[in-house]
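Visitor: Got a sequence here, can you model it:
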Amino acid sequence: MFGLTRRVVFRVTCQRQLCRKFASQAINQMLMLQQMDICADQPSRGLIIGVYADEEDKNDAGILTHAGWRYNVQKTNGRLIEVLRMSGPMPKRGEARLLFAIEPDRVPYYSVVAVVGLGKECLGYNPYEVLDEQKEAIRRSVAKACQILAELDTDRIEVENCGHAESAAEGAALGIWAYQEMRDPKTRISIPSIDLYAVKDEVCDIEGWRIGLQKAAAQNLTRQLQEMPSNLLTPTAFAQNVVEVLCKSGVNVEVKVEGWAESQSMHAFLAVGKASCEPPIFLELSYYGTCAEERPIVLVGQGITFDAGGLCLKKRKELYHMRGDMTGAAVVVATCRAVAGLRLPVNIRGLIPLCENVVGCNSFRPGDMVKSMNGKTIEVQCTDHEDVLVLADALLYGLGRSCLWCLYQF
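Guide: Next up, the predicted model:
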């Protein structure tokens with residue numbers, strides 16, 4: 001009897017251990033499958049759609065754009081607009097609201113949807129700011145959404161046109177840009193790819209998207225030149241960058257050295273740059289998009305690659321940002337690149353005087369008298385106002401070089 005009891009107990013114990021063994025194996029398999037599902041998820045994709053709403057009315061329910069409403073109905077069964085309205089007031093212009101896993105599928109195609117505020121429909125043109133407020137709202141809002149999605153390491157961002165594909169593309173490309181040339185490659189921010197959101201059997205403005213990307217590329221070129229340290233972007237290095245960028249775009253670049261400026265009697269321009277060990281350079285850019293007889297649009301941009309103020313030295317806090325005093329020159333370069341990329345039917349001529357305004361044994365001094373290109377004498381009252389001297393000779397050179405149709409100074 002005792003032996004039989006031991007056998008029964010032994011059998012029950014073995015069955016329990018066997019059940020525990022199989023149960024633990026099943027649990028491990030389930031965990032492994034869940035882990036495999038997580039690892040097998042598709043790369044993160046983001047979608048940006050727009051919503052119109054009155055910014056002054058917090059109770060405004062908002063109206064999605066055409067593409068946004070179609071996505072809301074076909075892909076989320078109306079859940080997107082419901083969740084958006086429950087999340088609070090509609091986003092304003094320049095704002096974005098993120099909605100995660102809004103699609104009912106187990107593995108959604110878009111892991112995150114950013115709804116951007118576009119303000120009221122048909123905002124119109126602002127004559128005081130000289131801009132289309134509706135297009136500006138699209139640019140700002142899409143750029144903000146792309147910045148947020150890039151911070152979330154989104155691999156790909158699709159942007160609906162929000163009513164104007166060109167402005168949407170421009171804002172998206174501006175939003176994901178980052179200056180990372182000096183960063184360690186291991187710590188660089190991953191830049192997501194951007195594309196136009198399109199639906200089957202629906203016309204999309206690919207040409208407008210392309211034009212917007214061209215405009216954004218020109219602006220990002222300006223930002224890149226602005227952010228470069230002044231010891232790396234000297235007048236000579238600036239000229240080399242311009243030759244590399246513009247010659248590929250079909251823009252003619254002439255690099256004129258210090259001896260040429262002396263032969264042209266540009267004494268005002270040379271007076272500013274003589275204190276630096278970096279020689280001054282004068283760039284002349286030419287683009288012909290129409291007949292050669294057509295009068296060109298002349299763009300003049302100041303190219304002070306570093307402005308310390310000369311003997312009238314700037315304050316320490318101001319010196320840090322003075323590497324950006326060549327913004328005018330960068331704008332001229334970017335404009336020529338954009339015009340050439342878009343193949344606009346205009347003639348452009350860009351004039352860029354490049355030098356450094358620093359302290360040295362040859363610095364020009366307050367009270368000095370320098371002659372400009374036309375022979376007139378200029379009295380220097382403050383060496384920190386070097387832009388007047390630099391631009392004076394550049395403008396006079398442009399005036400004598402050709403019959404100006406229109407002239408812009410940066």
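Visitor: What ranges does the stretch 1-150 of the chain have for its helices?
Guide: If DSSP state H, counting those that start in this stretch is used as the criterion, the helices of the stretch 1-150 of the chain fall at 2-39, 66-74, 79-86, 133-151.
Visitor: By mean pLDDT, show me the worst of those.
Guide: The minimum mean pLDDT among the helices of the stretch 1-150 of the chain belongs to helix 2-39 (a mean of 46).
Visitor: How about Met90: what's its closest non-neighbour residue?
Guide: Ala53 (3.5 Å; Cβ to Cβ, 6 or more residues apart in numbering). (Glycine included, C-beta is placed from N, CA and C.)
Visitor: Wait, that neighbour touches Leu64, no?
Guide: No. With contact defined as Cβ atoms under 8 Å, Ala53 and Leu64 do not form a contacting pair (9.9 Å).
Visitor: Near Asn231, how many other residues are there?
Guide: 11 (other Cβ atoms under 10 Å).
Visitor: Now for Asp393: which residues touch it?
Guide: 261, 264, 266-269, 353, 372-373 (Cβ atoms under 8 Å, 6 or more residues apart in numbering).
Visitor: May I have the secondary structure class of it?
Guide: helix (DSSP: H, G, I helix; E, B strand; the rest coil).
Visitor: host element of Ala169?
Guide: Here Ala169 is covered by helix 165-175, with elements defined by DSSP states H and E.
Visitor: Okay, angle between that helix and helix 133-151 too, please.
Guide: 40 degrees (axes from the mean of the first three to the mean of the last three Cα atoms, to 10 degrees).
Visitor: Identify the residues contacting helix 165-175?
Guide: Among residues not part of helix 165-175, those counted as contacts by Cβ under 8 Å, 6+ apart are 48, 135-136, 138-147, 150, 157, 159-162, 194, 196, 204-206, 208-213, 215-217, 219-220.
Visitor: Any regions of this structure where pLDDT drops low?
Guide: Residues of the chain that meet the criterion pLDDT under 70 lie in 1-43, 402-410.
Visitor: measure the residue most central in space within it to Gln381 for me?
Guide: Centroid-nearest residue in the chain: Leu174, 2.6 Å away (criterion: Cα atoms, centre = their mean). Note on Leu174: its distance to Gln381, by Cβ to Cβ, to the nearest Å, is 40 Å.
Visitor: for the stretch 101-250 of the chain, what spans make up the strands?
Guide: 112-117, 125-126, 131-132, 156-159, 193-196 (DSSP state E, counting those that start in this stretch).
Visitor: Return the most buried member of those.
Guide: When the strands of the stretch 101-250 of the chain are scored by mean count of other Cβ atoms under 10 Å, the highest mean neighbour count falls to strand 112-117 (a mean of 26).
Visitor: quick check, distance from that one to the centre of its chain.
Guide: Distance, stretch centre to chain centre, for strand 112-117: 19 Å (Cα atoms, centre = their mean, to the nearest Å).
Visitor: Just the CA atoms of it, as PDB, please.
Guide: Backbone C-alpha positions of strand 112-117 (Å, rounded to 0.1, in the frame of the first residue of the first chain) are rendered in PDB as follows:
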ATOM      1  CA  VAL A 112       3.000  58.400 -37.100                       C
ATOM      2  CA  VAL A 113       0.800  61.000 -38.700                       C
ATOM      3  CA  ALA A 114       1.500  64.700 -38.200                       C
ATOM      4  CA  VAL A 115      -1.400  67.100 -38.600                       C
ATOM      5  CA  VAL A 116      -0.200  70.600 -39.400                       C
ATOM      6  CA  GLY A 117      -2.200  73.800 -38.900                       C
END
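Visitor: one step back: gap between the residue nearest to the centre of the chain and Gly250?
Guide: Applying Cβ to Cβ to Leu174 and Gly250 gives a distance of 24 Å.
Visitor: same question, Glu170
Guide: 22 Å.
Visitor: Compare these two (neighbour count), which wins?
Guide: Glu170 (27 against 15).
Visitor: what about the closest residue to that one other than its chain neighbours, neighbour count?
Guide: With Cβ to Cβ, 6+ apart as the measure, Gly212 is the residue that lies nearest to Glu170, at 4.1 Å, once sequence neighbours are left out. When neighbours are counted by other Cβ under 10 Å, Gly212 registers 28.
Visitor: in terms of contact, does Arg156 touch Tyr109 like I think?
Guide: No. Taking Cβ under 8 Å as the definition, Arg156 is not a contact partner of Tyr109, at 10.8 Å.
Visitor: For those two, list the residues in contact with both.
Guide: Arg45.
Visitor: quick one, longest strand in this structure?
Guide: strand 347-357 (DSSP state E).
Visitor: chain center to it: distance?
Guide: Taking the mean C-alpha point of strand 347-357 and that of its whole chain, the gap between them comes to 23 Å (Cα atoms, centre = their mean).
Visitor: Strand partners (parallel or antiparallel) of that strand?
Guide: According to DSSP bridges, strand 347-357 forms sheet pairs with strand 281-288 (antiparallel), strand 297-300 (parallel), strand 303-307 (parallel).
Visitor: Reformat these into CSV and put mean neighbour count and distance to Asn347 next to each item.
Guide: Formatted as CSV, the strands paired with strand 347-357 follow (neighbours: other Cβ atoms under 10 Å; distance: least, Cβ to Cβ, whole Å):
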stretch, mean neighbour count, distance to Asn347
strand 281-288, 21, 5
strand 297-300, 22, 7
strand 303-307, 27, 22
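Visitor: The ones you listed into JSON lines, with extra columns for distance to Leu399?
Guide: Output for the strands paired with strand 347-357, formatted as JSON lines (distance: least, Cβ to Cβ, whole Å):
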{"stretch": "strand 281-288", "distance to Leu399": "14"}
{"stretch": "strand 297-300", "distance to Leu399": "9"}
{"stretch": "strand 303-307", "distance to Leu399": "19"}
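Visitor: I'd like to know which of those is closest to Val331.
Guide: Smallest distance to Val331 across the strands paired with strand 347-357 (Cβ to Cβ): 8.0 Å, for strand 297-300.
Visitor: before we move on, the earlier item: what's the next secondary structure element after the longest strand of the chain?
Guide: On the C-terminal side of strand 347-357, the closest following helix or strand by DSSP H and E is strand 369-371.
Visitor: Which strands and helices lie in contact with that next one?
Guide: Secondary-structure packing of strand 369-371 (3 or more Cβ pairs under 8 Å, 6 or more residues apart in numbering; DSSP states H and E): helix 267-273, strand 377-379.
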